[in-house]
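Enquirer: Everything below, folded, please.
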Amino acid sequence: MTKVQEWYGPHSSTAAEWPLDALVMAKGDTTVSVVLPARDEQDTVGDIVTVIRRDLVERLPLVDEILVVDSNSTDATAERARQAGARVVAQNQVLSHLPPLSGKGEALWKGLAASHGDIVVFVDADLHSFGAHYVSGLVGPLLVDPRTHFVKATYERPYTGADGVVQPGGGGRVTELVARPLINLFWPELAGFAQPLGGEYAARREVLERVPFVTEYGVEFGLLVDLLDLVGLDAMAQVDLGRRTHTHQSMSALGRMAGQIMLTAWSRLERQGRVVASERPAHTLLQFGLDGQADLVDVAVAERPPLASLVLEEDVA
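Expert: As a prediction, the model looks like this:
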């Protein structure tokens with residue numbers, strides 16, 4: 001843990017340490033895109049886009065592009081986002097010559113492909129506590145320090161139960177039960193990241209285009225491990241954004257997410273030559289409901305290749 005302790009202080013900060021006016025001065029000709037993957041988030045996506053447009057485009061010119069990737073929504077997500085001032089793209093219409101895949105990671109990868117900024121900020125579209133500092137805090141280290149290539153958010157994540165009682169720090173159940181143990185066991189260098197599965201982070205485009213994207217909920221775990229290999233721990237940082245509240249998933253949904261993260265971790269261990277198996281791990285999960293009924297679900301994850309490799313292939317062709 002010595003490496004983590006040495007890393008933590010110099011590479012951890014708070015959003016308040018990155019004031020907007022100073023960032024606008026440091027921005028120069030660097031362009032910034034904010035990408036929101038959204039599926040059936042009509043109740044929150046418009047408010048998030050409005051804050052970004054009002055505070056970071058109109059009041060101060062920090063953000064150059066707001067892009068919402070509509071991930072096959074069945075509600076008014078796309079319309080609300082467009083009315084609030086975002087450019088909206090349908091997930092399956094981006095790189096439409098490729099067979100479509102599903103999941104959050106697919107939406108993020110398509111958002112990377114459809115956006116144009118030198119720095120790309122990813123923000124979940126279900127946030128209830130969003131403020132402009134979510135974006136400015138994340139881009140701060142990237143604009144000020146050219147040695148920083150990836151910035152992850154950290155925050156306090158409360159959990160609101162069905163009875164309405166708020167449990168401070170009770171959110172992030174999959175983080176504590178699955179992701180953090182895996183990281184400490186196999187990638188202890190990353191143990192200093194307080195919210196490894198959080199959906200808010202920013203990076204330089206040139207870096208994001210050189211790593212694969214897991215298509216399901218293992219995407220954040222995979223990016224963290226792959227970027228560690230690509231740029232090293234000293235090029236990674238985290239910023240405390242304060243408090244994050246969002247829509248909570250059901251226990252069965254969390255179980256599926258956990259399975260996807262474990263398969264993502266397995267693929268990285270295998271790729272790094274750290275495990276050798278005679279057969280692939282199973283990708284089905286048998287879940288039991290409160291009524292005792294069993295449901296067999298598929299938690300398999302696929303991967304999109306590094307975007308740069310795709311562009312290179314097309315250029316050669």
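Enquirer: Show me where the stretch 201-317 of the chain has its helices.
Expert: Ranges of helices in the stretch 201-317 of the chain, per DSSP state H, counting those that start in this stretch, are 205-208, 219-231, 251-271, 307-316.
Enquirer: Tell me which of those is the most buried.
Expert: With neighbours taken as mean count of other Cβ atoms under 10 Å, those reach their highest mean count in helix 219-231, at a mean of 22. C-beta: built from backbone N, CA, C; applies to glycine.
Enquirer: With adjacent residues omitted, what lies nearest to residue 132?
Expert: Among residues not flanking residue 132 along the chain, residue 55 sits closest, at 3.9 Å (Cβ to Cβ, 6 or more residues apart in numbering).
Enquirer: isn't that neighbour right up against residue 134?
Expert: No: using Cβ atoms under 8 Å, residue 55 is not in contact with residue 134, being 10.6 Å away.
Enquirer: who has more neighbours, those two?
Expert: residue 134 (27 against 18; other Cβ atoms under 10 Å).
Enquirer: Where does the more buried one sit: helix, strand or coil?
Expert: With DSSP: H, G, I helix; E, B strand; the rest coil as the basis, residue 134 sits in helix.
Enquirer: What are the neighbouring residues in contact with it?
Expert: Applying Cβ atoms under 8 Å, 6 or more residues apart in numbering to residue 134 gives the contacts 15, 123, 127, 153, 200, 241.
Enquirer: Report the beta-bridge partner residues of the third one.
Expert: Yep, that's residue 127 we're talking about. residue 246 (DSSP bridges).
Enquirer: Residue 48 is in contact with that one, correct?
Expert: Yes: using Cβ under 8 Å, residue 127 is in contact with residue 48, at 6.2 Å.
Enquirer: So for these two, which residue has more residues nearby?
Expert: Shown here are residue 127 and residue 48; by other Cβ under 10 Å, residue 48 has more neighbours (29 against 22).
Enquirer: The more buried one against residue 121, yeah?
Expert: No: using Cβ under 8 Å, residue 48 is not in contact with residue 121, being 11.8 Å away.
Enquirer: Can you pick out the most distant pair from the contacts of residue 134?
Expert: By the measure Cβ to Cβ, 15 and 127 form the most distant pair in the contacts of residue 134, at 14.3 Å.
Enquirer: Let me know whether residue 261 touches residue 221 as I believe.
Expert: Yes: look at residue 261 against residue 221 with Cβ under 8 Å: they come within range, at 5.1 Å.
Enquirer: so how far is residue 204 from the residue nearest to residue 132?
Expert: Distance of residue 55 to residue 204, given as Cβ to Cβ, to the nearest Å: 23 Å.
Enquirer: Kindly present the contacts of residue 134 as a markdown table, with separate columns for pLDDT.
Expert: As requested, those are exported to a markdown table (pLDDT from 0 to 100):
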| residue | pLDDT |
| --- | --- |
| 15 | 97 |
| 123 | 98 |
| 127 | 94 |
| 153 | 97 |
| 200 | 97 |
| 241 | 96 |
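Enquirer: nearest to residue 4, of those residues?
Expert: Distance to residue 4 across the contacts of residue 134 (Cβ to Cβ) is lowest for residue 153, with 18.1 Å.
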